[in-house]
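[1] One predicted model, sequence on top.
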Amino acid sequence: TACKNDEVQKPDDAAVQAAILDEFYNISSIPRESGRERAVSTYLRSWAKENGFEVVRDSSNNVIITKPASPGYENAPVTILQCNIDTKIAVANGSTFDPAVDSVTPMINGEFLVANGTSMGADSGIGIATTLYVLKNSKNHGKIRAIFTAGGESAMTGAEKIKAKYLEGDFLINFGWENGSTIGLGSGGSASYDMLHEIEWVPPQ
């Protein structure tokens, strides 16, 4: 986000991880099944206001948070951080968990973070938490805009409604990503394949 080489300091990885996980736990307590993003969008809007950032929520429950450039960095590139806010929670057989109303319960299991009887929604959840961490802790940067979109796990309905003016920037980093130790740059995409095989009929034996 425009730091000069002599300004880069090695982060305290443990402190960064702890801060991101704390935010992830807050997000996990909010049901955010696709199509029911109002509560999490309200949380993000309130978070932005509490931290003094400009924030807009549109009629599709998209949330746009803007952090102005640091003094002296007004001409630095504009960086957009993007992540969807919804999730699709997988539930174990026999569980009474209802993704529309129940909170996910993350827990530590050895070296891994897991959830009790469900998936965690961590692909977007950690993306949201990481974006909030960057907004709150970045220093010596150009303008940063965070775009949180609704409906990303289903039909990209939120992304389709984002106004073009919010996409004006120099860099776009997408945080809705599933691979550990990587960051996806503008990775919102998919591929579908039809697998065909000719059937050969043989007489039954």
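    Looks like it arrived, so ask away.
[2] Where do the helices of this protein begin and end?
    13-28, 38-50, 122-137, 157-161 (DSSP state H).
[3] can I get those helices in TSV with mean pLDDT, mean neighbour count and distance to Leu167?
    C-beta coordinates here come from the backbone N, C-alpha and C atoms, glycine included. Conversion of the helices of the chain to TSV gives the following (pLDDT from 0 to 100; neighbours: other Cβ atoms under 10 Å; distance: least, Cβ to Cβ, whole Å):
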stretch	mean pLDDT	mean neighbour count	distance to Leu167
helix 13-28	92	15	24
helix 38-50	97	17	18
helix 122-137	92	21	16
helix 157-161	90	17	10
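[4] Low-confidence ranges, the chain, go.
    Along the chain, segments meeting pLDDT under 70 span 1-9, 177-191.
[5] Please name whichever of the helices of the chain is nearest to Val202.
    When those are compared by Cβ to Cβ, helix 122-137 sits nearest Val202, at 44.7 Å.
[6] report the angle between the axes of the closest one and helix 38-50?
    10 degrees (axes from the mean of the first three to the mean of the last three Cα atoms, to 10 degrees).
[7] okay, helix 122-137 in PDB with CA atoms only?
    Extracted in PDB, the C-alpha atoms of helix 122-137 (Å, rounded to 0.1, in the frame of the first residue of the first chain):
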ATOM      1  CA  ALA A 122     -13.200 -19.300   7.100                       C
ATOM      2  CA  ASP A 123     -12.600 -18.700   3.400                       C
ATOM      3  CA  SER A 124     -14.500 -15.500   3.500                       C
ATOM      4  CA  GLY A 125     -14.400 -15.100   7.300                       C
ATOM      5  CA  ILE A 126     -10.600 -14.900   7.500                       C
ATOM      6  CA  GLY A 127     -10.700 -12.600   4.400                       C
ATOM      7  CA  ILE A 128     -13.000 -10.200   6.200                       C
ATOM      8  CA  ALA A 129     -10.900 -10.300   9.400                       C
ATOM      9  CA  THR A 130      -7.700  -9.700   7.500                       C
ATOM     10  CA  THR A 131      -9.200  -6.800   5.600                       C
ATOM     11  CA  LEU A 132     -10.300  -5.200   8.900                       C
ATOM     12  CA  TYR A 133      -6.900  -5.700  10.400                       C
ATOM     13  CA  VAL A 134      -5.200  -3.900   7.400                       C
ATOM     14  CA  LEU A 135      -7.700  -1.000   7.700                       C
ATOM     15  CA  LYS A 136      -7.000  -0.600  11.400                       C
ATOM     16  CA  ASN A 137      -3.300  -1.100  11.400                       C
END
